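# sequence below, structure please.
(one chain, ligands or ions: 2)
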Amino acid sequence: MRKNILEWSLMKEMIETTTNLYRLGWDERNGGNISILLDEQELSRYLDVTCVLRKIPIDFDASKLARHYLLVTGSGKYFKNIKKSPEESLGIIRINETGTELDILWGFSNEGFPTSELPTHLMSHIARKKVDTTHRVVMHNHATHLLAMSFTHELSEKAMTKTLWKMCTECLVVFPEGIGIIPWLVPGTNEIGEITAEKLKEVRLVLWPFHGIYGTGKNLDDVFGLIETAEKAAEVYTYVKSQGGIMQEMTDEQLKKLAKQFKVIPRKGYI
Ligand code: 13P
Ligand code: ZN
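Ligands and ions are numbered 1, 2, ... in the order given. As a prediction, this is how the structure comes out:
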């Protein structure tokens, strides 16, 4: 007897997280998207994985994710409504044997589709899995203060990273490898996916200027906490600027002491 998929702790966590993200204002309308790699055995307790509802072609080589299952947000679906209609707003997909097609196994009711950012999500999973065996989640949203900083701060990865590190003592500990930044690119394309995934070989956070942020991690809490920490730093930066700018701040020497105490290795050449 299969269990009700809406009772799955992971599904509950997804609904709770997306509701929270909406409340924080980082996922207005359908802004933002999430995908989570699933364990086949665990999923099979809730779903008959041999039952394919629909098939959708993939127009890049996703063979490195062949036979992988993912829980994904739907394209154009309002985060506000996920709790109310999870089966319409979310879906479970499987990449086929050759990485050329995906099977829809659950959700996306009313002819819905996975997020338009699926190329970036899949390419990001491939990139992160290579460097982190615990990797499972990719999250994109329009975190307000980080997005705002892409207009007012120099778009150099080193300069942006150091500003964020210095806005809040915990930042260096949470993302010692820093933040990646790509040029402005059209969303939903393979190109933005390839360039984002390239950055994700070295960092877990990538800023899309004038658009939003991408974060990756081992579970929803992990990636949420990562984005939340960077976003908090960006919020503090906003206040600092509006209070007239920096009068004093942590020195590079203090950042080094912090790294030593918390046993993290800051990005080489940054401090
Ligand atoms: P989707 O609704 O297709 O997920 O797109 C939202 C978004 O944020 C695009 O970058
Ligand atoms: Zn977006």
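# the closest residue to ligand 1 within the stretch 151-271 of the chain: what's it in contact with?
Here the stretch 151-271 of the chain gets closest to ligand 1 at one residue, P187, 4.1 Å apart by Cβ to the nearest ligand atom. (Each C-beta comes from the backbone N, C-alpha and C, glycine too.) With contact taken as Cβ atoms under 8 Å, 6 or more residues apart in numbering, P187 is in contact with S116, E117, W208, H211.
# now do I213
Going by Cβ under 8 Å, 6+ apart, the list of residues near I213 reads H140, N141, H142, A143, L146, L147, L205, V206, L207, I227, A230, E231.
# element containing it?
According to DSSP states H and E, I213 maps onto strand 212-217.
# and for D48?
Counting by DSSP H and E, no helix or strand carries D48.
# how about it, phi and psi?
When read as degrees, to the nearest 10, the backbone of D48 gives phi -80, psi 100.
# cool, F79 as well?
According to degrees, to the nearest 10, the main-chain angles of F79 amount to phi -60, psi -30.
# my guess is F151 contacts L207, does it?
No - using Cβ atoms under 8 Å, F151 is not in contact with L207; the gap is 11.6 Å.
# who has more neighbours out of the two?
L207 (27 against 9; other Cβ atoms under 10 Å).
# that one should be in a helix, yeah?
No - L207 is assigned strand when assessed by DSSP: H, G, I helix; E, B strand; the rest coil, not a helix.
# circling back to that earlier point, and the contacts of I213 as a markdown table, adding secondary structure and pLDDT?
Listed next are the contacts of I213 as a markdown table, based on DSSP: H, G, I helix; E, B strand; the rest coil; pLDDT from 0 to 100:
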| residue | secondary structure | pLDDT |
| --- | --- | --- |
| H140 | strand | 98 |
| N141 | strand | 98 |
| H142 | coil | 98 |
| A143 | coil | 98 |
| L146 | helix | 98 |
| L147 | helix | 98 |
| L205 | strand | 98 |
| V206 | strand | 99 |
| L207 | strand | 99 |
| I227 | helix | 98 |
| A230 | helix | 98 |
| E231 | helix | 98 |
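# chain center to stretch 55-66: distance?
Counting by Cα atoms, centre = their mean, to the nearest Å, stretch 55-66 is centred 20 Å from the centre of its parent chain.
# what residues sit buried inside it?
I58, A62, L65 (16 or more other Cβ atoms under 10 Å).
# ok, it near ligand 1 or not?
No - contact of stretch 55-66 with ligand 1 is not found when judged by Cβ under 6 Å from any ligand atom; the minimum separation is 13.4 Å.
# quick one: terminal-to-terminal distance for that stretch?
14 Å (Cα to Cα, to the nearest Å).
# list the contacts of that stretch.
Counting by Cβ under 8 Å, 6+ apart, 93, 95-104, 113-114, 118-119, 122-123, 125-126, 129, 190, 193 sit against stretch 55-66.
# show me just the buried residues among those.
Buried members of the contacts of stretch 55-66, scored by 16+ other Cβ under 10 Å, are 93, 95-96, 99, 102-104, 113-114, 118-119, 122-123, 125-126, 129, 193.
# take the residues you listed and keep only those in strands.
Judged by DSSP state E, the buried ones among the contacts of stretch 55-66 include I93, I95, L102, D103, I104 as members of strands.
# residue ranges in the stretch 51-200 of the chain under the pLDDT threshold?
Filtered on pLDDT under 70, the stretch 51-200 of the chain yields no residues whatsoever.
# in it, what residue spans correspond to strands?
Here the stretch 51-200 of the chain has its strands, by DSSP state E, counting those that start in this stretch, at 54-57, 69-73, 90-95, 101-107, 137-141, 180-181.
# how far does stretch 44-53 sit from the chain's center?
Taking the mean of its C-alpha atoms, stretch 44-53 sits 26 Å from the chain's own mean (Cα atoms, centre = their mean).
# change the start of the numbering to 17 and stick with it
Yes, from this point I'll number from 17; that puts the last item at stretch 60-69.
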